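S.K.: one predicted model, sequence on top.
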Amino acid sequence: MAKENNLYSIKNFALKTGSAVITPSEIANILGKSKKFGNAYAARMVKKILQRGLCVENIH
């Protein structure tokens, strides 16, 4: 079985829980990484969203 892409893991978690907000700690837990990694990953995601000028609600 192929390993699930990190973004799909996060998306599936959000859909399963019905949550629109995922904390860096939850990202770290989903990906099986450290909290420090979760913080950095979340920061990169937000930076990319802001660079594209997208609203989080438009991401599917």
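M.R.: On my side now, so go ahead. On a predicted model such as this, the values are computed, not experimentally measured, just so you know.

S.K.: what's near enough to touch residue 38?
M.R.: 23, 24, 25, 26, 27, 28, 29, 31 (Cβ atoms under 8 Å, 6 or more residues apart in numbering). Any C-beta I mention is one placed from the backbone N, CA and C, and that applies to glycine too.

S.K.: pLDDT wise, what is the second one at?
M.R.: By that I understand residue 24. Note on residue 24: pLDDT of 90.

S.K.: next, give phi and psi for it.
M.R.: Main-chain torsions, residue 24, degrees, to the nearest 10: phi -60, psi -30.

S.K.: wait, it touches residue 44, no?
M.R.: No: look at residue 24 against residue 44 with Cβ atoms under 8 Å: they stay out of range, at 11.0 Å.

S.K.: who has more neighbours, these two?
M.R.: Shown here are residue 24 and residue 44; by other Cβ atoms under 10 Å, residue 24 has more neighbours (17 against 10).

S.K.: contacts only, for that one.
M.R.: Residue 24 neighbours (Cβ under 8 Å, 6+ apart): 35, 38, 39, 41, 42.

S.K.: quick one on the thing from earlier: now, of the contacts of residue 38, which are buried?
M.R.: Buried subset of the contacts of residue 38 (neighbour count, 16 or more other Cβ atoms under 10 Å): 24, 26, 27, 28, 31.
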